[in-house]
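>>> Here is my input; please provide its structure:
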Amino acid sequence: MFHAVLNAIAPIFVVLGLGYFCGYRKIADNKNVSVLNVFVMRFALPTALFTATWHTPVAGFIAKLPLIAILVLAMWILWGFTYYIARKVFDKEPAQAAIYALTISLPNYAALGVPILSETITGASGSDIALNVAISIACGSIFLSPLTLMVLEKETKAEYKKASMGSLVVPLLIKALKNPIVLWPILGTIFSCFGTTMPDLLTHALKPLAAAAGGGALFLTGLIVSARKLNITGAVIFGFILKNLVQPIIAYVIAVAFGLPATLLAVSVFLIALATGFFGVMFGNGFGVQDEDSEGTLLLSTILFAITMPIFMYFLL
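Below is the predicted model of the structure:
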């Protein structure tokens with residue numbers, strides 16, 4: 001079990017560490033990363049999400065509806081709870097609270113999903129594992145990211161500052177849905193639902209851009225983090241506990257309530273039990289909002305994932 005987890009997180013540490021090293025040693029400018037952020041968040045990642053969802057057959061989406069429900073509910077519940085605690089207990093501004101909530105509630109499906117499921121779900125085909133991971137990535141992008149994007153838009157754009165959130169829900173939601181991270185997986189899902197197949201030429205043309213998404217995002221995250229002074233605060237420890245321990249338990253309870261078979265239950269819990277992802281930090285950078293607790297939680301969650309993931313493997317395998 002421990003070996004499987006180490007194999008999964010080793011590439012993350014290498015690429016994220018390289019970004020951190022380059023920023024710390026001033027090999028790359030860690031203060032002005034807007035160009036790289038635009039490349040990753042508006043082109044590379046959306047392209048990867050677009051191709052992944054379009055290549056997912058509509059029958060796959062239908063068959064995985066219980067998994068979709070569990071993932072979305074587990075992410076929504078934790079996002080709402082974390083946002084509330086961030087505002088009321090840690091006294092964060094709304095934009096910082098939204099980044100903190102997204103960081104904690106959205107697992108790193110893209111980097112960790114395939115290697116973890118490949119090592120744990122015996123008898124599952126490679127295509128089924130890829131389908132589970134593609135669906136989980138789409139769930140995070142389509143159903144969770146807009147919540148944080150709406151808050152960031154309201155808090156950072158002058159035209160929205162003085163209006164109440166209630167009066168802005170529709171325009172902010174529309175704007176969030178236009179963000180490439182959200183829009184492109186929606187389009188890919190629509191094309192899939194219409195039974196179309198992604199042309200081979202288009203797949204081939206987009207492949208280099210999609211392939212750059214994971215490595216580019218991790219390198220950029222390391223670069224961003226290298227510009228900060230990281231501290232292990234109460235909020236960081238709290239975020240780690242919520243993400244690595246509490247959220248998988250939430251997913252387990254929901255899966256049991258749904259009466260899922262053992263294999264699908266394990267898949268849903270293992271996906272939710274993955275270490276936190278980088279969307280929160282990246283969105284914050286794109287909107288000019290910094291939350292050091294989110295960055296600290298990302299690092300602590302990823303490091304201690306090697307300890308927490310085997311716990312759930314032990315009980316579910």
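>>> Can you give the distance from stretch 243-262 to the centre of its chain?
18 Å (CA atoms, centre = their mean, to the nearest Å).
>>> And for stretch 152-164?
Distance, stretch centre to chain centre, for stretch 152-164: 24 Å (CA atoms, centre = their mean).
>>> buried stuff in that stretch?
For stretch 152-164, the neighbour count (16 or more other CB atoms under 10 Å) marks 152-155, 160 as buried. C-beta here means a position set from N, CA and C on the backbone, and glycine is covered the same way.
>>> Helix, strand, or coil at Phe283?
Under DSSP: H, G, I helix; E, B strand; the rest coil, Phe283 falls in the helix class.
>>> Run through the helices of the stretch 151-300 of the chain in chain order.
Here the stretch 151-300 of the chain has its helices, by DSSP state H, counting those that start in this stretch, at 165-178, 180-193, 200-226, 234-241, 247-258, 262-272, 279-287, 292-316.
>>> how far does the third one sit from the chain's center?
For helix 200-226, the distance between its averaged C-alpha position and the chain's averaged C-alpha position is 15 Å (CA atoms, centre = their mean).
>>> Return the set of buried residues in it.
206, 209-210, 212-226.
>>> Low-confidence ranges, this protein, go.
1-2 (pLDDT under 70).
>>> And for this protein, the residue most distant from the center?
Lys162 (30.1 Å; CA atoms, centre = their mean).
>>> give me every residue that touches that residue.
Counting by CB atoms under 8 Å, 6 or more residues apart in numbering, Lys162 makes contact with nothing.
>>> on that earlier part again, among the buried residues of stretch 152-164, find me the one that's closest to Gly277.
Comparing these against Gly277 with CB to CB places Leu152 closest, at 16.4 Å.
>>> Verify the stated contact: that closest one with Val289.
Yes - counting by CB atoms under 8 Å, Val289 is a contact partner of Leu152 at 6.6 Å.
>>> possible to save the helices of the stretch 151-300 of the chain as JSON lines with distance to Trp54?
Output for these, formatted as JSON lines (distance: least, CB to CB, whole Å):
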{"stretch": "helix 165-178", "distance to Trp54": "18"}
{"stretch": "helix 180-193", "distance to Trp54": "4"}
{"stretch": "helix 200-226", "distance to Trp54": "9"}
{"stretch": "helix 234-241", "distance to Trp54": "34"}
{"stretch": "helix 247-258", "distance to Trp54": "27"}
{"stretch": "helix 262-272", "distance to Trp54": "21"}
{"stretch": "helix 279-287", "distance to Trp54": "21"}
{"stretch": "helix 292-316", "distance to Trp54": "29"}
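>>> Out of these, which gets nearest to Pro66?
helix 247-258 (5.7 Å).
>>> Of all the residues in the closest one, which ones are buried?
Residues 247-248, 250-252, 254-255 are the ones in helix 247-258 that count as buried (16+ other CB under 10 Å).
>>> Just the C-alphas of it, formatted as CSV.
Taking C-alpha atoms only, helix 247-258 is exported to CSV below (Å, rounded to 0.1, in the frame of the first residue of the first chain):
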residue,chain,number,x,y,z
GLN,A,247,-13.8,14.2,3.6
PRO,A,248,-13.2,10.5,2.8
ILE,A,249,-15.4,9.6,5.8
ILE,A,250,-18.1,11.9,4.4
ALA,A,251,-17.8,10.1,1.1
TYR,A,252,-18.0,6.7,2.8
VAL,A,253,-21.2,7.6,4.7
ILE,A,254,-22.9,8.8,1.5
ALA,A,255,-21.8,5.7,-0.4
VAL,A,256,-23.2,3.4,2.3
ALA,A,257,-26.4,5.4,2.4
PHE,A,258,-26.7,4.9,-1.4
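>>> what helices or strands is that helix leaning on?
Helix 247-258 sits against helix 65-88, helix 262-272, with contacts defined as 3 or more CB pairs under 8 Å, 6 or more residues apart in numbering; DSSP states H and E.
>>> What's the separation between Met165 and Leu147?
Computed as CB to CB, to the nearest Å, the Met165 to Leu147 distance reads 11 Å.
>>> of those two, who's got more company?
Just comparing Met165 and Leu147: by other CB atoms under 10 Å the higher neighbour count belongs to Leu147, 20 against 13.
>>> For Thr196, see how far away the more buried one is.
Distance of Leu147 to Thr196, computed by CB to CB: 30 Å.
>>> buried set for stretch 63-82?
Here stretch 63-82 shows 64, 66-75, 77-79, 81-82 as buried, counting by 16+ other CB under 10 Å.
>>> Output it as CSV - backbone C-alpha positions only.
Provided in CSV are the C-alpha atoms of stretch 63-82 (Å, rounded to 0.1, in the frame of the first residue of the first chain):
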residue,chain,number,x,y,z
ALA,A,63,-23.3,4.2,-15.5
LYS,A,64,-21.3,6.4,-13.1
LEU,A,65,-24.2,8.6,-11.9
PRO,A,66,-23.9,7.2,-8.3
LEU,A,67,-20.2,8.0,-8.3
ILE,A,68,-20.9,11.5,-9.6
ALA,A,69,-23.5,12.1,-6.9
ILE,A,70,-21.1,11.0,-4.1
LEU,A,71,-18.2,13.0,-5.4
VAL,A,72,-20.2,16.2,-5.9
LEU,A,73,-22.0,15.9,-2.5
ALA,A,74,-18.7,15.2,-0.6
MET,A,75,-17.1,18.2,-2.3
TRP,A,76,-20.1,20.6,-1.8
ILE,A,77,-20.5,19.7,1.8
LEU,A,78,-16.8,20.3,2.6
TRP,A,79,-16.7,23.5,0.6
GLY,A,80,-19.6,25.0,2.4
PHE,A,81,-18.4,23.9,5.8
THR,A,82,-14.8,25.1,5.2
